[in-house]
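In: pasted the sequence and its predicted model underneath.
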Amino acid sequence: MKNFITLKEFLSAHKKEYFLGIFWVFFVDLIGMITPKILGHFTDDIKAGLLDRAGVWKYVGIIVGVAALTAVSRYFWRIYIMGTARTSEVYMRDKLYSHLQKLSPNFFNHNKTGDLMAHATNDLNAIRMALGPGFLSFIDPMFVLTFTVFMMIYTVGWQLTLFALAPMPLLIVVSRMFGKVIHKRFTEVQESFGTLSDRVQESFAGARVVKTFVQEDAEIEKFTAQNRVNYKSNLKLARVNGIYNPLVQLVSTLSFLIALSYGGILVVRGSITLGEFISFNTYLALMTWPMMAIGQVINIWQRASASMQRINHIMTTQPEIHDEPDMIADKTDLDGAIELRNLTFTYPGSQTPVLKNLNVTIPAGKKVAIIGRTGSGKTTLLNLLLRMYNPDRGQMFVDGVDINRVPLETLRENIGYVPQENFLFSKSIRDNIAFSGSGSYTQAQIEAAATLSQVHGNIVDFTEGYDTMLGERGVTLSGGQKQRVSIARAVIKNPKILILDDSLSAVDTHTEEEILRGLKDIMQGRTSLIIAHRISTIKDADEILVLDDGEIIERGTHDQLLQGDGLYHELYQKQLLEEQIAQSND
Ligand SMILES: Nc1ncnc2c1ncn2[C@@H]1O[C@H](COP(=O)(O)OP(=O)(O)OP(=O)(O)O)[C@@H](O)[C@H]1O
């Protein structure tokens with residue numbers, strides 16, 4: 001039960017609905033006791049020759065009345081119990097999604113998308129089943145069993161009742177025995193479904209790569225294999241249920257057998273009347289469903305408990321990146337000065353530092369560029385500046401304040417970031433550019449940002465213009481267009497710090513120049529940090545840092561660096577040669 005603590009708040013907010021639901025179940029079960037009693041009286045009256053036409057109608061009237069009342073009351077319990085269970089699913093899904101939004105990038109590096117989606121669907125469904133049908137299958141048998149035992153004792157005495165109920169403890173033994181196995185096997189089912197979802201999600205997301213590498217058959221094979229694993233784990237669960245459910249049925253049949261044989265003897269002996277015997281057997285029949293339900297409830301709750309455990313694993317994961325207790329809460333704006341003091345960084349779980357002993361001072365409003373071989377740590381440095389990971393204290397400062405003490409919202413709202421992978425959402429181009437504004441940007445602002453990023457011309461060429469849908473149900477932009485929409489999304493924020501992570505690699509040198517010229521105006525008095533592989537992108541920077549294997553090996557302006565004969569000079573010569581070859585080929 002401790003797994004369900006996550007639902008405490010929800011359950012306490014909805015206790016009224018559950019109490020009303022319990023009331024209606026109580027009511028239905030109570031009036032359900034009338035019919036067997038009536039049948040007994042009916043039998044005894046017939047046997048004694050006391051029944052006339054009016055008498056028959058009286059009995060029929062009572063039975064029909066009870067049935068009608070039961071039907072109406074059942075409607076209410078469904079509304080209160082099943083309805084609240086549906087609400088719990090919405091509540092949990094919202095809670096899970098909000099929590100996932102807060103988790104750090106590192107969490108998503110270690111948890112696969114498909115599996116997370118399985119949590120939000122299958123696991124939440126199993127929990128809803130527990131709070132709806134599972135809850136009902138728990139309280140209903142409780143009432144029915146209590147009432148029927150009471151009515152049985154009242155009708156035929158405690159002896160026959162006790163004999164008939166003797167096999168019941170077996171039910172508890174069987175349920176306990178099977179409960180643990182069901183829990184384990186259901187966890188396996190959910191895990192294998194998670195892996196299956198992930199396989200589907202990845203192969204669809206990477207559909208182009210799969211096709212270009214002619215890996216369709218291999219993908220189908222891998223999917224089929226995982227599908228079989230999923231099938232087998234479901235089969236293992238079904239096998240347990242296949243034994244468990246008949247065992248529960250067997251116990252209830254045993255009760256019947258005892259009731260029939262011993263009850264029959266009592267009738268023959270004249271200890272009870274035939275009517276009482278019929279009432280008793282009808283009460284016993286009423287107990288069949290609760291006994292089955294007890295079996296069912298253990299099954300549902302074990303499944304839900306396994307799912308709850310999986311959900312709790314996510315819900316109890318604390319975001320690694322959060323506002324620190326000593327943050328400077330009133331820092332709501334940035335000037336944009338950045339300083340690195342002996343910055344050394346190792347990724348969580350890794351042994352080797354990716355950045356080593358970096359010392360850099362970037363006054364507010366300056367343009368600094370970083371160049372270096374692939375894997376030298378450029379993106380890592382930006383990740384730290386955006387606090388996707390936490391740098392150690394005393395190593396990274398913004399406006400002279402340790403970055404760990406700057407409120408996350410202030411930091412990120414003041415940074416315009418153009419990531420290396422230009423992820424755009426499946427929305428209109430307008431909504432993509434205005435992503436940060438929650439609807440507050442005007443069309444003029446959106447167009448200005450697009451013009452500055454040299455993509456306005458392309459957008460107006462689309463028949464739908466800014467309303468052109470992107471993504472799965474829309475158009476696919478070229479790499480260069482995507483980069484420019486992504487730049488527009490960053491510059492519309494008018495950020496104090498602009499970060500471009502290799503963001504001009506897919507545009508030609510002419511467009512690159514235009515974008516840089518535009519950016520120069522907008523970034524007047526603002527800090528820019530530009531990562532590039534092409535020297536043409538960064539040659540105007542106030543300072544260029546050359547990074548190699550996590551260390552700054554050269555620094556200076558373009559002209560200063562060309563004086564030396566280091567990596568920068570080497571890269572410049574190479575790119576110059578490439579350009580000359582390209583020109584001679586034209
Ligand atoms: N989450 C991570 N966990 C562990 N190591 C990582 C992680 N992300 C990156 N790295 C490693 O850190 C090193 C630096 O990566 P980074 O992305 O910063 O390089 P880069 O200079 O930006 O490269 P490129 O120019 O190719 O984009 C690489 O060796 C990379 O494998």
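Out: Good, I have the coordinates.

In: use CA for all of it now, contacts and neighbours both
Out: Noted.

In: for my notes, confirm residue 341 occurs in a strand.
Out: Yes. Under DSSP: H, G, I helix; E, B strand; the rest coil, residue 341 sits within a strand.

In: OK, contacts around it?
Out: Listed by CA atoms under 8 Å, 6 or more residues apart in numbering, the contact partners of residue 341 are 357-360, 394-396.

In: point out where the chain drops to low pLDDT.
Out: In the predicted model of the chain, residues 1, 472-474, 585-586 satisfy pLDDT under 70.

In: residue nearest the centroid of it?
Out: Centroid-nearest residue in the chain, with CA atoms, centre = their mean: residue 120, separated by 4.4 Å.

In: check which helix or strand covers the nearest residue to it once chain neighbours are set aside.
Out: Counting by CA to CA, 6 or more residues apart in numbering, residue 120 lies nearest to residue 93, which is 6.2 Å off, once chain neighbours are set aside. If you go by DSSP states H and E, residue 93 is part of helix 83-102.

In: packing partners of the helix or strand just after that helix?
Out: The helix or strand immediately downstream of helix 83-102 is helix 105-110, counting by DSSP H and E. Contact partners of helix 105-110 among helices and strands, from 3 or more CA pairs under 8 Å, 6 or more residues apart in numbering; DSSP states H and E: none.

In: buried set for helix 105-110?
Out: Buried residues in helix 105-110, defined by neighbour count with 16 or more other CA atoms under 10 Å: residue 105.

In: ok, stretch 577-586 next?
Out: Result for stretch 577-586 [16+ other CA under 10 Å]: no buried residues.

In: re the thing from before, pull the helix holding residue 93 out as PDB, backbone CA atoms only.
Out: Taking Å, rounded to 0.1, in the frame of the first residue of the first chain, the C-alpha atoms of helix 83-102 are listed here in PDB:
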ATOM      1  CA  GLY A  83     -15.900   8.600 -12.400                       C
ATOM      2  CA  THR A  84     -13.400   9.500  -9.700                       C
ATOM      3  CA  ALA A  85     -11.000   6.800 -10.900                       C
ATOM      4  CA  ARG A  86     -11.100   8.500 -14.300                       C
ATOM      5  CA  THR A  87     -10.300  11.800 -12.700                       C
ATOM      6  CA  SER A  88      -7.400  10.200 -10.900                       C
ATOM      7  CA  GLU A  89      -5.900   9.200 -14.200                       C
ATOM      8  CA  VAL A  90      -6.100  12.800 -15.500                       C
ATOM      9  CA  TYR A  91      -4.600  14.000 -12.200                       C
ATOM     10  CA  MET A  92      -1.700  11.500 -12.300                       C
ATOM     11  CA  ARG A  93      -1.000  12.200 -15.900                       C
ATOM     12  CA  ASP A  94      -0.800  15.900 -15.300                       C
ATOM     13  CA  LYS A  95       1.400  15.400 -12.300                       C
ATOM     14  CA  LEU A  96       3.700  13.000 -14.100                       C
ATOM     15  CA  TYR A  97       4.000  15.400 -17.100                       C
ATOM     16  CA  SER A  98       4.700  18.400 -14.900                       C
ATOM     17  CA  HIS A  99       7.300  16.500 -13.000                       C
ATOM     18  CA  LEU A 100       9.000  15.200 -16.200                       C
ATOM     19  CA  GLN A 101       9.100  18.800 -17.400                       C
ATOM     20  CA  LYS A 102      11.200  19.800 -14.400                       C
END
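
In: domains in this protein, as residue ranges please.
Out: 2-201+231-315, 331-414+496-586, 421-494 (automatic domain parsing).

In: save the ones you listed as a markdown table, and put in distance to residue 208 too.
Out: Output for those, formatted as a markdown table (distance: least, CA to CA, whole Å):
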| stretch | distance to residue 208 |
| --- | --- |
| domain 2-201+231-315 | 13 |
| domain 331-414+496-586 | 19 |
| domain 421-494 | 13 |
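
In: to residue 219, which of those lies closest?
Out: The closest of the domains of the chain to residue 219 is domain 2-201+231-315. By CA to CA, the value is 8.9 Å.

In: what sits up against the helix or strand containing residue 211?
Out: Remark: residue 211 resides in helix 207-212, with elements defined by DSSP H and E. Residues outside helix 207-212 that contact it (CA under 8 Å, 6+ apart): 203, 216, 219.

In: report the distance from the helix or strand harbouring the first one to the chain centre.
Out: Taking DSSP H and E as the definition, residue 203 sits inside helix 168-205. How far helix 168-205 lies from its chain's middle: 18 Å, per CA atoms, centre = their mean, to the nearest Å.

In: that helix packs against which elements?
Out: So helix 168-205, by 3+ CA pairs under 8 Å, 6+ apart, packs with helix 113-118, helix 216-269, helix 288-315.

In: the first one: how far from the chain's middle?
Out: In this case it means helix 113-118. Averaging C-alpha positions (CA atoms, centre = their mean) puts helix 113-118 7 Å from its chain's average.

In: same check on the longest one?
Out: On the basis of CA atoms, centre = their mean, helix 216-269 sits 31 Å off its chain's mean C-alpha point.

In: and it with helix 168-205, angle?
Out: Counting by axes from the mean of the first three to the mean of the last three CA atoms, to 10 degrees, helix 216-269 lies at 160 degrees to helix 168-205.

In: now the angle between helix 288-315 and helix 216-269, please.
Out: Going by the same axes, to 10 degrees, helix 216-269 is angled at 150 degrees with respect to helix 288-315.

In: can you pull out the residues in contact with the very next helix or strand once past helix 216-269?
Out: The helix or strand immediately downstream of helix 216-269 is helix 274-286, counting by DSSP H and E. The contact list for helix 274-286, computed with CA under 8 Å, 6+ apart, reads 33, 36-44, 144, 148, 151-152, 155-156, 256, 259-260, 263-264, 267.

In: got the CA coordinates for helix 274-286 in CSV?
Out: The C-alpha coordinates for helix 274-286 follow below in CSV (Å, rounded to 0.1, in the frame of the first residue of the first chain):
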residue,chain,number,x,y,z
LEU,A,274,-37.2,-26.0,2.6
GLY,A,275,-37.8,-22.2,2.3
GLU,A,276,-34.9,-21.5,4.7
PHE,A,277,-32.7,-23.9,2.7
ILE,A,278,-33.5,-22.1,-0.6
SER,A,279,-32.8,-18.7,1.1
PHE,A,280,-29.6,-20.0,2.4
ASN,A,281,-28.5,-21.3,-1.0
THR,A,282,-29.4,-18.0,-2.6
TYR,A,283,-27.4,-16.2,-0.1
LEU,A,284,-24.5,-18.6,-0.8
ALA,A,285,-24.9,-17.8,-4.5
LEU,A,286,-24.7,-14.1,-3.7
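
In: that one to helix 216-269, inter-axis angle?
Out: Using the same axes, to 10 degrees: helix 274-286 against helix 216-269 is 160 degrees.

In: for helix 274-286, which positions count as buried?
Out: 274-286.

In: which two from the residues you listed end up farthest apart in space?
Out: Spanning the widest gap among the buried residues of helix 274-286 are 274 and 286, at 18.3 Å by CA to CA.

In: returning to that earlier point: who wins on neighbours among the contacts of helix 207-212?
Out: Highest neighbour count within these, by other CA atoms under 10 Å: residue 203, with 17 neighbours.

In: isn't it up against residue 219?
Out: Yes. At 7.4 Å, residue 203 counts as touching residue 219 under the criterion of CA atoms under 8 Å.
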